[in-house]
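Participant: requesting a structural model of the entry that follows:
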Amino acid sequence: MVDYYNQIEEPVECVPSGLKDLDVLLGGGYPKGELTILAARPGVGKTAFMVTCMVNIYAQYKPMVFSLEMNYNQLSDRFFSNKMNIDGYNIRERKKEAIGNIILGMSALEHVIIDDTSLVDVPLLRMKIKSAVKNNQVKIIFIDYLQLMEVHTEGTRNEQVSAITRSLKLLAKDMNIPIVALSQFRRIDNTTEPDLTDLRDSGSLVQDSAVVIFLHRPFREDDSKMEILETKCIVRKNRFGRVGY
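Facilitator: Got it, this is the predicted structure:
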């Protein structure tokens, strides 16, 4: 009771997402000590969303990213494209002006840790996160993406992913940091908004996570063309705040 009383007037422990409207819904940001799932269909923008969060908070909260899909250079390109509003094509083509701007802002990478090891299992992840939190003052972890993690548990893929999410939930609690794991949908239909049951290997993803965020880019079809509408950010589950757009 004394411990609870002493902290009752303090702000709830969160790491801001860097996106104002999302932070309002989440009650301040990604909750410390909890697992957050960020899910979308391939190509909708999970990695871009993650990079936007990193760009908005890197100086104060020093994020660490486990990039199982992109290598260090590719993710760094995305980081500077977002941070400096540089066309990604110009970076890829190594245009002189784009590269000059990146060199001027290169010091920003001092605040970001990118681990692009391809085969990462939970024990290795735990060891690396503990070291980063202790030695580099890392305040938030991103994993891109969940289904690419290695697991040595026997059983179906659903059971294996369940073992991963349980371990990530416990790791977030033990280290008292937010872990944001990107995930994919298993659904094909993109004309209606996704639900929690649409998560790929969804078994314990919903159960073990405190927050589930969906990115949804709907299509509107008519007789002449298929129109792409703007991407929606949907908080579908939130143990500590509101749900909505």
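
Participant: does V112 touch Y61 like I think?
Facilitator: No: V112 is not in contact with Y61 according to C-beta atoms under 8 Å; the separation is 10.2 Å. For glycine as for every other residue, the C-beta is placed from the backbone atoms N, C-alpha and C.

Participant: now do the strands in the chain.
Facilitator: 14-15, 30-31, 35-40, 63-67, 113-115, 140-144, 179-184, 211-216, 219-221, 226-228, 232-238 (DSSP state E).

Participant: now the ones you listed in a markdown table, with distance to L199 and mean pLDDT?
Facilitator: As requested, those are arranged in a markdown table below (distance: least, C-beta to C-beta, whole Å; pLDDT from 0 to 100):
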| stretch | distance to L199 | mean pLDDT |
| --- | --- | --- |
| strand 14-15 | 23 | 90 |
| strand 30-31 | 18 | 93 |
| strand 35-40 | 6 | 91 |
| strand 63-67 | 19 | 93 |
| strand 113-115 | 25 | 92 |
| strand 140-144 | 15 | 93 |
| strand 179-184 | 6 | 91 |
| strand 211-216 | 8 | 90 |
| strand 219-221 | 20 | 61 |
| strand 226-228 | 23 | 56 |
| strand 232-238 | 10 | 90 |
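
Participant: may I see the ones you listed arranged in JSON lines, with mean neighbour count and distance to V161 as well?
Facilitator: Compiled in JSON lines, the strands of the chain are given as follows (neighbours: other C-beta atoms under 10 Å; distance: least, C-beta to C-beta, whole Å):
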{"stretch": "strand 14-15", "mean neighbour count": "21", "distance to V161": "24"}
{"stretch": "strand 30-31", "mean neighbour count": "26", "distance to V161": "21"}
{"stretch": "strand 35-40", "mean neighbour count": "27", "distance to V161": "11"}
{"stretch": "strand 63-67", "mean neighbour count": "23", "distance to V161": "16"}
{"stretch": "strand 113-115", "mean neighbour count": "18", "distance to V161": "20"}
{"stretch": "strand 140-144", "mean neighbour count": "25", "distance to V161": "12"}
{"stretch": "strand 179-184", "mean neighbour count": "25", "distance to V161": "9"}
{"stretch": "strand 211-216", "mean neighbour count": "23", "distance to V161": "14"}
{"stretch": "strand 219-221", "mean neighbour count": "10", "distance to V161": "28"}
{"stretch": "strand 226-228", "mean neighbour count": "10", "distance to V161": "30"}
{"stretch": "strand 232-238", "mean neighbour count": "18", "distance to V161": "17"}
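
Participant: which residue is nearest the centroid of the protein?
Facilitator: V180 (4.2 Å; C-alpha atoms, centre = their mean).

Participant: for that one, which residues make a bridge with it?
Facilitator: T36, F142 (DSSP bridges).
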